[in-house]
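**Student:** Mind looking at a prediction? Sequence and model below.
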Amino acid sequence: MAYATDIIEDSFNRTREALFKPFNLKKWLKLGFVSFMGARQGNLNNFRLDNSFNKVSNISNFIKKWWAPLLGFGVMIGVIWSVLQSIFYFVFIDSIVKNKVEIKKSFKKNGYVGISLFLFRLTIGMIFLTIIGLLSLPLLMPLIQNFNNLSWDIISIPYLILFIMLFVVMIIFLGLIHFVVNNMVAVDMYYRNIKFTAAWKQVIKLVKKELKEVFIYFLMKIVLGIAGGILALILILPLMVIMFAFFFMVGIVGAFSQFLALPTTLIVIFVVIGFIGLLIFGYIAAVITLPIDVFFINYMLLFFNKLIENNKGLLH
């Protein structure tokens, strides 16, 4: 049988031993925090209090006056968050390998490989955005030049179709790169404490030699990912109801702020409360679904170890 199917039972057993033999609430909560920081990609930029924000004149003036500092602050927060995510990804791996959660010690130990992984993600992201930006110029320039007289006639439909096709191909290609990086390159970086480029060169050799096994693993990750996603949705459904009620109330306050002419400072406080609430709900969700995340880390580690066992000398 394939490596990807052989290790499923062992992954379940290791997950059970790590979390339930014995059950340790403190360990669970700490590991849930590490999972929230490193194993999950949060989408924090879709939160809005109200679609009619432009009706509040003081908010509009505030944004117009401070848009540059706000943009800079947002970029800074995004960079810091991305660096932390990259480092905590290795902290999560380290915690599973050692079956011990030592956040401070592990964070310091894995800072080097975490920053190396972040630099790769930053580089590949900038390359992707640059290519998309250049490809979109033939579509954007006519729109900008005819901004006051927009119509479908100024858009090249054949090029629009080509752009969409190229965009989809690039997304798939980017997804495959991140699959290899997150499931194999990062593991090799952790085990050997080496930078990204060194691990990438060696792992590519391994992938070429074990292409069939890697492909089966990729398919199994999709199947198990769907099953894990459904299970996670069931587990956090009550939390989602509470979260919906919370943001519904925050949204009502935001809507009433238009008519009550609340000061900008107070409205910003509501936004901050909503943001903090989003982080808290994200952490609770990570704690609830922790067994799923731990299973997938174990599954990833066992698969990589299988590859190494059958290709001794290639990496180590």
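**Tutor:** That came through fine. Predicted model only: the values in this text are computed from it and were never measured. Numbering: from 1, shown residues only.

**Student:** shaky segments in the chain?
**Tutor:** Low-confidence regions of the chain, defined by pLDDT under 70, span residues 40-67, 147-148, 150-153, 250-251, 253-267, 313-316.

**Student:** Look at residue 173 and say how many residues are nearby.
**Tutor:** The burial count assigned to residue 173 is 11, neighbours taken as other Cβ atoms under 10 Å. All C-beta spots, glycine's among them, are computed from the backbone N, C-alpha and C.

**Student:** To clarify, my last question referred to residue 162.
**Tutor:** Residue 162 has 13 neighbours, counted by other Cβ under 10 Å.

**Student:** what about it, which helix or strand?
**Tutor:** Take DSSP states H and E as the rule and residue 162 turns out to sit in helix 157-180.

**Student:** which secondary structure elements does that helix contact?
**Tutor:** For helix 157-180, the helices and strands in contact under the criterion 3 or more Cβ pairs under 8 Å, 6 or more residues apart in numbering; DSSP states H and E are helix 111-145, helix 196-209.

**Student:** Can you point out the buried residues in that helix?
**Tutor:** 163, 179-180 (16 or more other Cβ atoms under 10 Å).

**Student:** Excluding its own residues, what touches the next helix or strand after that helix? List them.
**Tutor:** The helix or strand immediately downstream of helix 157-180 is helix 186-192, counting by DSSP H and E. Applying Cβ atoms under 8 Å, 6 or more residues apart in numbering, the set of residues contacting helix 186-192 from outside is 89-90, 93-94, 97, 110, 113, 116-117, 194-196, 198-199, 202-203, 300-301, 304, 315-316.

**Student:** State the distance from the residue located most distally from the centre of the chain to residue 137.
**Tutor:** No residue in the chain sits farther from the centre than residue 149, which is 39.6 Å out by Cα atoms, centre = their mean. Separation of residue 149 from residue 137 (Cβ to Cβ, to the nearest Å): 20 Å.

**Student:** Ok, residue 209 next?
**Tutor:** As for residue 209, its distance to residue 137 is 41 Å (criterion: Cβ to Cβ).

**Student:** Mind checking which of those two has more residues around it?
**Tutor:** A direct count of neighbours by other Cβ under 10 Å for residue 209 and residue 137 places residue 209 higher, at 14 against 10.

**Student:** I figured that one hits residue 311, correct?
**Tutor:** Yes. The pair residue 209 and residue 311 qualifies as a contact (Cβ atoms under 8 Å) at a distance of 6.2 Å.

**Student:** Quick check on residue 101: phi, psi?
**Tutor:** With angles defined as degrees, to the nearest 10, residue 101 sits at phi -100, psi 100.

**Student:** How many neighbouring residues does it have?
**Tutor:** Residue neighbour count, defined by other Cβ under 10 Å, stands at 22 for residue 101.

**Student:** Correct me if wrong: it contacts residue 95.
**Tutor:** Yes. With contact defined as Cβ under 8 Å, residue 101 counts as touching residue 95 (4.7 Å).

**Student:** what residues are shared contacts of these two?
**Tutor:** Common neighbours of residue 101 and residue 95 are listed as 31, 34 (criterion: Cβ under 8 Å, 6+ apart).

**Student:** how far away is residue 129 from residue 136?
**Tutor:** In this structure, residue 129 and residue 136 are separated by 10 Å, where distance is defined by Cβ to Cβ.
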